[in-house]
Structure formats: C-alpha cells, structure tokens
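Novice: take a look and give me a structure for this.
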Amino acid sequence: MPLTTINAELLKTAFISGANNISNKKEYINELNVFPVPDGDTGTNMTLTIMSAVAEVNEVKEPTMANLAKAISGGSLRGARGNSGVILSQILRGFCREIKDGKEINQECLANGFARAVETAYKAVMKPKEGTILTVARAMAEKAAEIINEYDDINDYLEQIIIYGDEALAGTPELLPVLKEAGVVDSGGQGLIEIIKGMHLGLQGTPVALEDSDNVPKLARGAGLLEAIPSRPTGSGNDHISTADIKFGYCTEFIVLLDNPVSDDEVEKIKEYLLTLGDSLVCVADDEVIKIHVHTNHPGKAFEKGLEYGQLTRCKVDNMREEHNERVFMANEMHYVDSPKAEEPAVEETTFDEPPKKYGFVAVSAGDGMSTIFEEIGVDYVIHGGQTMNPSTDDILSAIKHVNAENVYILPNNKNIVLAANQASDICEDKKIFVIPSSTIPQGIAAMLSYSEAAEPEENLENMKSALGDVKTGEVTFAIRDTSVEGKEIRKNNIMGISDNGIDVVGTEVDQVTKDLVESLVDEDSGLITLYYGEDISEDDANALSDYLAEKYEDLDVDVRFGGQPIYYYILSVE
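Specialist: Numbering: from 1, shown residues only. Below is the predicted model:
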C-alpha cells in the first residue's frame with residue numbers, strides 16, 4: 001500500500017531514525033574533512049546537534065506536527081555545535097516552520113518544507129559557499145519541486161530526491177577545488193544525506209537503530225558535553241557568606257514549549273512577573289520555546305506562569321541554601337576552601353549582589369594556561385572548548401547568563417564556533433550581545449587588549465574587530481592521515497605548521513616545523529613573537545625554542561607562555 005501522507009507518529013520515528021543513522025556514520029563523516037588535523041569534527045557536531053533535538057522529541061509522548069516541530073526546531077537550535085551543526089539546525093528550523101500547522105505531510109508539504117529549509121539555511125550564512133551542505137540541500141529541494149506528484153508513494157518520491165542529492169554530493173569536489181585535491185566529498189553534505197537516508201528507512205518501516213547506545217545518556221535532556229567555568233566566584237558561590245544572605249533559595253530552570261508564538265511585549269510581561277517572584281532572571285524566547293532561569297522562594301508559581309503559554313520540559317529546582325551548606329562543610333573538611341573544585345557548584349547558581357557593570361566578556365579557550373591568560377586580561381567567563389570540543393549555542397547562552405553586565409562581548413576564538421555565537425546572540429534578549437569573530441586564540445587575546453572601558457559599546461566592537469587583523473596566528477600539530485592539500489603531500493603523523501592562509505610547513509620534527517612556521521610569519525613590520533606551548537611540550541623545550549628565536553630575531557621581542565592546549569604543540573602569535 002503506497003504511503004501518501006506522513007502523520008506525526010511516523011515523522012517522530014523517521015526523525016529519530018535519521019539521527020541514529022548519522023550518529024552511526026559520524027566517524028566516517030569526520031574523516032572526510034579536508035585538512036588532516038585531529039579536530040575534523042563535522043560528523044560529531046552534526047550528531048550532537050540533531051541528538052539534542054532527539055532528546056526533546058523523546059519527551060513528546062503524544063506527538064502532533066505542532067509539538068514535534070517545536071521539539072525538533074528548539075532542540076537543534078540550542079544544541080547546535082560548529083558551523084555544520086548551526087546550518088543543520090537552520091535547515092531543520094525552516095522545515096519545521098513549514099509543517100507545524102498541518103496534521104499530516106503530503107508530497108506538496110514535503111517539497112515546500114525542503115524549499116523553506118534551504119531558504120532559512122542560506123539566510124543564516126553571511127557568505128554562502130557552494131560545494132557544501134548548502135549545495136546538497138538546495139539540489140534536493142529543487143528535485144523535490146521538479147518531480148512533485150510524479151509518484152504515488154512518498155517513499156518512491158523521497159528515493160528520487162536522495163538519488164539526486166547523492167549526485168549533488170558527488171559533484172561537490174568540482175565546486176570546491178580543495179575537496180577535489182583531497183579526494184573527498186563535502187563532509188557536511190554527506191552528513192545531511194545520511195540523515196535523509198535514515199529518515200527514509202524509518203518511513204519504510206525499517207528504522208535505523210543506534211549502534212553506540214552510550215551516546216543517548218550523554219545527550220539526554222540537553223546535557224552539555226563541555227565544562228563552562230567562571231573565571232572568578234560570584235554570588236551564591238561565595239562560601240564565606242551565610243545562608244541567611246541567600247534571599248531567594250531555589251534556583252529554578254525550565255523550558256516552555258510554546259503553544260503559540262509570543263510577542264516581545266508578552267515576553268516583557270513574563271519577565272516583569274517573574275521579577276516579582278525573585279531575581280537572577282534570564283528569560284529568552286524564540287518562535288518555539290521560552291527558556292527561563294530564576295532564583296525564587298516559590299518555584300511552583302514560576303512553573304504555573306510557564307504553563308499559561310505551553311508545555312514544560314527540563315524542569316529543575318535546586319535548593320541553594322542546602323547546597324551552600326554542603327559546599328562549606330566539604331570545604332572545611334577537605335581544607336579546599338580556595339580550590340576550584342570547591343567553587344564549581346557556583347556555575348549553576350549565580351547570584352549577583354551588585355548592579356550590572358557596563359561591559360562583560362565570554363571567551364572560548366582550550367587549555368588551563370590559555371584560560372588563565374584570558375582571566376588575567378579581563379574575561380569574566382571562560383568556556384572550555386575549541387578544537388574537537390565546539391560549544392553549543394546553549395553552552396554560550398549559559399555563559400552569557402553568568403556574566404553580570406549590560407553589554408557582553410563573545411570571543412569564539414575558532415572559526416567553527418562563530419555561527420553558534422551569532423545564534424546565541426540572536427536568541428538572547430535581556431543583554432546586548434556583541435560577537436567578535438575571532439577565529440584563533442591569539443586573535444581573541446588581541447581583541448581583548450584593544451578594549452577600552454571608556455569607549456562606547458559600538459566603538460569597542462569596531463576596535464576589537466579591527467585588532468583581529470593586527471596579529472598573525474600559527475599552529476603546530478600532527479596529521480591524522482595521508483592526503484594532498486594545497487600542493488603539499490602529507491603523510492600520517494607528519495608535523496604540520498598551519499597559518500591563517502592554510503598549511504605552510506610540513507615536516508617530521510616539531511621544533512623544526514615551528515621554526516620554519518615562525519619564519520613564514522615574520523616580516524619587516526613584526527615586533528613580537530609569542531609562543532604558547534601545549535600540554536605535550538615541556539617547559540624546558542619551550543624555553544629552548546624561545547631562546548633560539550630570540551637569538552635569530554634579535555630585533556623582535558620573544559615571549560613564551562604555558563597554554564596547556566591539547567592537540568596543538570604550539571600556538572604562535574606574531575604581531
């Protein structure tokens with residue numbers, strides 16, 4: 001019997017099947033990344049993004065198109081990681097906007113959903129590039145429109161769309177020469193195809209099972225895979241205060257799955273009401289959800305307010321007085337009053353005893369040394385992440401929540417995190433957010449050093465963005481496979497020196513590659529070389545290299561700092 005329409009139950013099954021399929025193929029997709037560095041994580045980022053949506057979908061016990069659309073759109077939006085994950089979240093969001101008002105999906109609705117998905121995704125990318133996931137998505141949307149109503153069965157219809165998508169994927173190397181040279185297709189496009197193929201199998205009655213069941217508990221209910229740690233304790237994390245000083249005792253968090261979109265004025269009314277119940281309020285909304293965090297003595301009243309607008313999910317209430325006492329007891333018993341571990345519980349229960357300051361800063365950083373450097377130059381909150389560990393949109397929103405400032409500047413410090421930072425900026429409404437598009441850690445440091453407390457917010461934005469061009473970055477790491485990139489033959493375990501322009505140096509010794517990379521970065525305008533050495537480099541080796549560079553470039557200052565970053569032996573900054 002032909003499948004002529006897709007109901008909500010079948011869509012739920014198909015969506016989970018698609019998510020499971022990309023999860024099972026994520027390592028293969030990771031290996032398609034052009035550059036043979038050990039941080040090729042397209043498959044991982046897309047999997048984490050869609051699994052965040054699956055966690056929401058699994059909470060929907062009586063599925064309708066409306067509540068499934070909210071769960072898929074909202075879950076992927078907040079869980080989006082990396083550029084590929086953000087683009088995937090926008091594809092899903094566009095599709096869900098098309099289907100949310102119906103009871104079933106027919107071929108016409110499916111075609112319109114493909115078209116709207118592509119339109120939404122292209123709008124999310126400032127400079128869309130062909131030969132990527134966008135190309136594959138657009139090709140499938142065009143095929144869906146072309147052959148609409150040519151097939152009686154949706155499965156036959158979708159099969160033709162997938163065949164055309166595979167052809168578009170196979171053609172991506174002709175659109176991006178770097179793919180052709182490396183002998184691979186676009187990894188993001190491959191990920192999208194795997195999702196659609198998995199959904200197709202679900203519609204046919206043979207849904208894909210998750211091969212690695214360990215993925216599910218790690219991702220359930222939006223659990224973050226990254227640790228976001230404040231650079232200094234604030235509010236209820238201060239264990240020297242008395243519980244009597246905690247005015248509102250329950251840290252209350254929940255998400256409202258909206259029955260209908262709410263206006264900006266309505267969101268303001270919700271905020272005004274919640275502020276009558278407590279403080280430390282964060283209330284952010286999009287078309288599908290409202291996320292609320294508030295410290296109050298009456299959690300039930302906050303929940304009741306949310307129920308006026310829709311269903312509640314991810315409800316969480318923590319007794320801050322009780323947890324405060326436990327922290328103090330443990331600190332006294334273990335003599336760890338000043339240790340980071342004694343202060344970590346403050347992350348989820350931040351209370352601001354003072355009015356917000358004018359400026360605050362959030363930075364993404366990899367390595368304890370790098371995090372310390374950012375703290376020293378004024379960053380309020382450090383998200384531990386970066387290469388191989390791209391924070392999600394929700395991770396960035398959580399970090400913003402813990403900064404007591406009117407204007408918050410986000411330093412992604414990785415080109416694969418900029419889109420997630422922009423997405424967090426679009427969602428956050430209670431603070432003014434500025435994203436500095438720093439693609440490397442040295443760029444982030446340079447941007448922070450250009451900030452002026454006396455300047456106005458927009459002036460600081462321009463000054464910090466301008467500072468990104470004042471520094472050249474170099475990174476030294478190892479190759480994870482044989483390949484050819486930019487005319488260079490690379491063998492597995494070769495050492496590579498990477499600049500802002502790509503792979504500059506290939507060799508077999510870390511020191512020699514680093515020296516050659518520095519030489520390629522230094523010019524007549526250079527005045528300072530900074531070496532940040534990673535967790536696999538000893539201090540003695542770093543100092544020896546620094547001494548060599550100081551002797552060779554006697555007219556330049558040479559500084560060496562412990563970065564502690566994984567994967568990269570050295571990160572270089574030349575200014």
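
Novice: for Thr5, give its distance to Thr44.
Specialist: 35 Å (CB to CB, to the nearest Å). In short, each C-beta sits where N, CA and C put it, glycine included.

Novice: who's more crowded, those two?
Specialist: Thr44 (24 against 14; other CB atoms under 10 Å).

Novice: name the element the more buried one belongs to?
Specialist: helix 42-58 (DSSP states H and E).

Novice: what packs against that helix?
Specialist: helix 8-30, helix 65-79, helix 82-99, helix 187-203, helix 215-219 (3 or more CB pairs under 8 Å, 6 or more residues apart in numbering; DSSP states H and E).

Novice: save those as TSV, and put in distance to Gly360, mean pLDDT and mean neighbour count too.
Specialist: Listed next are the helices and strands packed on helix 42-58 as TSV, based on distance: least, CB to CB, whole Å; pLDDT from 0 to 100; neighbours: other CB atoms under 10 Å:
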stretch	distance to Gly360	mean pLDDT	mean neighbour count
helix 8-30	35	93	22
helix 65-79	21	91	26
helix 82-99	23	92	26
helix 187-203	33	96	25
helix 215-219	29	36	15
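
Novice: so which of those helices gets nearest Met370?
Specialist: Of all the helices and strands packed on helix 42-58, it is helix 82-99 that lies closest to Met370, at 19.5 Å by CB to CB.

Novice: could you dump that closest one to PDB, C-alpha only?
Specialist: Output of helix 82-99 as PDB, limited to C-alpha atoms (Å, rounded to 0.1, in the frame of the first residue of the first chain):
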ATOM      1  CA  GLY A  82      30.100  24.100  14.900                       C
ATOM      2  CA  ASN A  83      29.300  25.700  11.600                       C
ATOM      3  CA  SER A  84      27.800  22.400  10.200                       C
ATOM      4  CA  GLY A  85      25.600  22.000  13.300                       C
ATOM      5  CA  VAL A  86      24.300  25.500  13.100                       C
ATOM      6  CA  ILE A  87      23.500  25.200   9.400                       C
ATOM      7  CA  LEU A  88      21.800  21.800  10.100                       C
ATOM      8  CA  SER A  89      19.700  23.500  12.900                       C
ATOM      9  CA  GLN A  90      18.600  26.100  10.400                       C
ATOM     10  CA  ILE A  91      17.700  23.500   7.800                       C
ATOM     11  CA  LEU A  92      15.600  21.700  10.400                       C
ATOM     12  CA  ARG A  93      14.100  25.000  11.700                       C
ATOM     13  CA  GLY A  94      13.000  26.000   8.200                       C
ATOM     14  CA  PHE A  95      11.400  22.600   7.500                       C
ATOM     15  CA  CYS A  96       9.600  22.700  10.800                       C
ATOM     16  CA  ARG A  97       8.100  26.100  10.200                       C
ATOM     17  CA  GLU A  98       6.500  24.700   7.000                       C
ATOM     18  CA  ILE A  99       5.000  21.600   8.600                       C
END
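
Novice: confirm for me that Ile441 is in contact with Tyr570.
Specialist: No: counting by CB atoms under 8 Å, Tyr570 is not a contact partner of Ile441; they are 11.7 Å apart.

Novice: joint contacts of the two?
Specialist: Common contacts of Ile441 and Tyr570 (CB atoms under 8 Å, 6 or more residues apart in numbering): Tyr532.

Novice: more crowded one of those two?
Specialist: More neighbours surround Ile441 than the other of Ile441 and Tyr570, with 29 against 26 (other CB under 10 Å).

Novice: ok, now which ones touch the nearest residue in space to that one that is not next to it in sequence?
Specialist: Of all residues not flanking Ile441 in the chain, Asn413 sits nearest, at 4.9 Å (CB to CB, 6 or more residues apart in numbering). Asn413 is in contact with Ala363, Val364, Ser365, Gly386, Ser438, Ser439, Thr440, Ile441, Gln443, Gly444, counting by CB under 8 Å, 6+ apart.

Novice: how does it look with 6 Å?
Specialist: Counting by CB atoms under 6 Å, 6 or more residues apart in numbering, Asn413 touches Val364, Ser438, Ile441, Gly444.

Novice: any idea how far Glu475 is from the third one?
Specialist: It stands for Ile441. Taking CB to CB, one finds Ile441 at 9 Å from Glu475.

Novice: would you mind grabbing the residues shared as contacts by the two?
Specialist: Contact criterion CB under 6 Å, 6+ apart; residues shared by Ile441 and Glu475: Ile571.

Novice: in what helix or strand does the residue nearest to Leu549 when sequence neighbours are not counted lie?
Specialist: Of all residues not flanking Leu549 in the chain, Val558 sits nearest, at 4.9 Å (CB to CB, 6+ apart). Assessed by DSSP H and E, Val558 sits inside strand 557-562.

Novice: next one: Arg116
Specialist: Assigned by DSSP H and E, Arg116 falls in helix 107-124.

Novice: not counting that helix itself, show me its contacts.
Specialist: The contact list for helix 107-124 (CB under 6 Å, 6+ apart) reads 87, 90-91, 93-95, 98-99, 128, 137-138, 140-141, 144-145, 148, 157.
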